[in-house]
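> Sequence and predicted model, in that order:
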Amino acid sequence: MALKVSSIPSLPRVNSNVARMLPIATTLLAATIAILPVPVPGYAALTPAFTLMAVYHWTIYRPDLLPPIGVFAIGLAQDLLGGAPVGIGALVLLLARAAVLRGRRYFINRTFPFVWTGFTLLAAAAMLTLWALHCLVQLTFFDLRGTMFRTVLTVAIFPVASFALGRTQRALIGAAA
């Protein structure tokens, strides 16, 4: 019998269907908030990447409850409803999930500044990738300033989103485990 060596603690079993659906539901809520029409000029182009925040959080803390097909479906729905080229947002979310999953062991049981730094790097990479894909699909160069501002706004809002997601996770999944 081989001995399994892992620095990642095993995830507690979740028996409640409501708690099992929590990561998908909160990520879907984040995508919905991201595409809501807000009567502020230019807001649509500068909307923080709420869906990326949710995918990052759940991939670190409960990747078993946020499968890639769920991330893809939410990203695709966000692309379709938001008027973006179909599949670009879904691809970026899947790439972000894969990157976080690969380095997940570094974020478990770390302080929030460390987790926030990881999100900052991921958000910058994801936003630049999204910008590059949009430029490629449209065959033109878009102004990078909007992307940079959106990245800064996303990183600045992340602590609030992380707090809300963490509280929700502890309240529902902690009680259901």
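Perfect, I can see it now.

> Could you check how many residues crowd around G82?
14 (other CB atoms under 10 Å). For every residue, glycine as well, the C-beta is placed using N, CA and C.

> Which pLDDT value goes with it?
You'll see G82 listed with a pLDDT of 90.

> Give me the spatial nearest neighbour of it, chain neighbours excluded.
I35 (4.4 Å; CB to CB, 6 or more residues apart in numbering).

> Please tell me I have it right and that neighbour contacts L81.
Yes. Counting by CB atoms under 8 Å, I35 does reach L81; the two are 5.2 Å apart.

> what about the residue nearest to G82, how many neighbours?
For I35, the neighbour count with other CB under 10 Å is 18.

> Same check on P12?
As a burial measure, P12 scores 11 neighbours (other CB under 10 Å).

> again, but for A77
A77 has 17 nearby residues by other CB under 10 Å.

> continuing past the one helix or strand it maps to, what's the next helix or strand?
Applying DSSP states H and E as the criterion places A77 in helix 68-82. Sequence order places helix 88-102 as the next helix or strand after helix 68-82, per DSSP H and E.

> Check the offset of that following helix from the chain's centre.
Counting by CA atoms, centre = their mean, to the nearest Å, helix 88-102 is centred 8 Å from the centre of its parent chain.

> what packs against it?
Contacting helix 88-102 under the criterion 3 or more CB pairs under 8 Å, 6 or more residues apart in numbering; DSSP states H and E are the following elements: helix 50-61, helix 68-82, helix 112-138.

> Format the CA atom coordinates belonging to it as CSV.
This file holds the C-alpha atoms of helix 88-102, laid out as CSV (Å, rounded to 0.1, in the frame of the first residue of the first chain):
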residue,chain,number,x,y,z
ILE,A,88,-13.4,34.2,-24.5
GLY,A,89,-14.6,34.7,-20.9
ALA,A,90,-15.2,31.0,-20.4
LEU,A,91,-11.7,30.2,-21.7
VAL,A,92,-10.1,32.8,-19.4
LEU,A,93,-12.0,31.5,-16.4
LEU,A,94,-10.9,27.9,-17.1
LEU,A,95,-7.3,29.0,-17.5
ALA,A,96,-7.5,30.9,-14.2
ARG,A,97,-9.0,27.9,-12.5
ALA,A,98,-6.3,25.6,-13.9
ALA,A,99,-3.5,28.1,-12.7
VAL,A,100,-5.0,28.4,-9.2
LEU,A,101,-5.5,24.6,-9.0
ARG,A,102,-1.9,24.0,-9.9
